[in-house]
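1. no sequence for this one, just the structure:
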């Protein structure tokens with residue numbers, strides 16, 4: 001909830017001098033605020049139908065934000081985003097209706113429904129959990145439901161990419177923790193091996209595909225697929241370390257990836273290009289921009305002392321306690337993340353200034369005060385949670401204990 005408010009405010013600040021074309025600030029900011037309504041409503045809803053309504057409210061503003069203010073292939077990306085999300089939402093709604101009629105509780109109130117799922121047969125639990133799984137997995141997005149994400153990120157305006165990465169992807173992880181697993185622990189346990197396998201595939205696949213990307217924004221988009229795989233891996237490890245790590249990772253991904261997308265947008269405003277091969281030596285002209293980009297990049301790699309390290313470490317620890325083989329496979333990605341991120345940074349910022357950047361002349365200016373003000377809160381929180389992760393883990397300790405109580409008996413097998 002707090003993250004969604006922070007990201008929205010920072011997007012408004014960033015848009016101060018960076019409104020995308022067509023230049024219609026009122027309509028654009030109205031969509032941003034409508035997104036904020038949907039996101040906050042989703043996080044505070046205590047009723048399944050109310051949750052579903054706010055979950056869908058988020059869909060339309062992002063659809064128009066991509067479709068109107070997006071890149072050259074915006075129509076394709078926006079329709080693909082809409083259809084994927086709508087398909088998942090339809091199955092999720094069917095699951096909510098099945099809960100209402102099959103549980104015997106005849107209510108959508110989440111507090112009253114806790115424990116109602118245990119009265120259902122195992123097959124019924126699995127079917128209802130399966131519908132919720134598709135809806136939340138598409139939003140995360142988990143492999144193989146991830147294909148809408150790179151297109152949406154690449155075509156979306158910078159503010160849209162920041163909100164998408166910073167908050168909207170977290171709705172899927174939140175849905176698993178808040179609704180799917182506590183309501184249907186038996187179904188969650190049955191799905192756990194599948195969830196873990198898909199999480200590990202997403203972690204490795206996202207990193208490998210990111211290595212070969214030539215578009216800077218698409219590279220970061222595929223890194224999101226990899227990093228969000230750690231979230232679902234931690235959740236379905238069903239232990240305190242894994243769930244703490246998953247919650248931290250959701251926050252960390254929101255802070256770090258939002259910063260990276262803001263930095264990509266800042267660079268695009270100056271170059272109107274995101275092709276990595278055209279860059280080179282950028283740091284010699286914009287040292288402050290290069291330093292900030294390096295800071296967020298090292299946070300994404302998982303440098304100790306920054307928040308990205310803590311979340312991934314706890315997820316891997318939780319996965320190791322449940323299944324060392326799974327943890328070993330996921331740990332290999334730490335190396336792959338360093339490969340694609342550091343190699344990208346070397347090609348863009350190191351060495352002599354490329355002919356393309358030379359041709360920009362005085363247009364290639366360093367970062368401005370407003371842009372620094374947009375990034376500073378994110379950087380401060382990355383350092384704070386990297387040094388004192390207990391700021392978050394202590395705050396969610398009671399909720400994690402309750403979650404584990406509802407999900408008792410779940411384990412990676």
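-> That came through fine. On a predicted model such as this, the values are computed, not experimentally measured, just so you know.
2. quick one: contacts for residue 374?
-> Counting by Cβ atoms under 8 Å, 6 or more residues apart in numbering, residue 374 touches 10, 13, 14, 262. (Glycine included, C-beta is placed from N, CA and C.)
3. buried ones in the worst-scoring helix or strand of the chain on mean pLDDT?
-> Ranked by mean pLDDT, DSSP states H and E, the weakest helix or strand in the chain is helix 110-113, scoring a mean of 74. For helix 110-113, the neighbour count (16 or more other Cβ atoms under 10 Å) marks 110, 113 as buried.
4. name the helices or strands packed onto that helix?
-> With contacts taken as 3 or more Cβ pairs under 8 Å, 6 or more residues apart in numbering; DSSP states H and E, helix 110-113 sits against helix 48-57.
5. Name the residues that touch the helix it packs on?
-> Against helix 48-57 from outside (Cβ under 8 Å, 6+ apart): 34, 37-42, 45, 89, 92-93, 96, 99-100, 108, 110, 113, 171, 179.
6. So which bits of that helix are buried?
-> So helix 48-57, judged by 16+ other Cβ under 10 Å, has buried residues 48, 50, 51, 52, 54, 55, 56, 57.
7. again, but for stretch 94-102
-> So, applying 16+ other Cβ under 10 Å, buried residues of stretch 94-102: 95, 96, 98, 99, 100, 102.
8. pretty sure residue 164 contacts residue 157?
-> No: using Cβ atoms under 8 Å, residue 164 is not in contact with residue 157; the gap is 10.4 Å.
9. which residue ranges form the helices in the stretch 251-400 of the chain?
-> Assigned by DSSP state H, counting those that start in this stretch, the helices in the stretch 251-400 of the chain fall at 287-301, 307-322, 324-349, 355-358, 369-387, 390-393, 397-406.
10. and those as JSON lines, adding mean pLDDT and distance to residue 78?
-> Converted to JSON lines, those look like this (pLDDT from 0 to 100; distance: least, Cβ to Cβ, whole Å):
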{"stretch": "helix 287-301", "mean pLDDT": "90", "distance to residue 78": "27"}
{"stretch": "helix 307-322", "mean pLDDT": "87", "distance to residue 78": "30"}
{"stretch": "helix 324-349", "mean pLDDT": "84", "distance to residue 78": "27"}
{"stretch": "helix 355-358", "mean pLDDT": "84", "distance to residue 78": "30"}
{"stretch": "helix 369-387", "mean pLDDT": "90", "distance to residue 78": "25"}
{"stretch": "helix 390-393", "mean pLDDT": "84", "distance to residue 78": "34"}
{"stretch": "helix 397-406", "mean pLDDT": "84", "distance to residue 78": "35"}
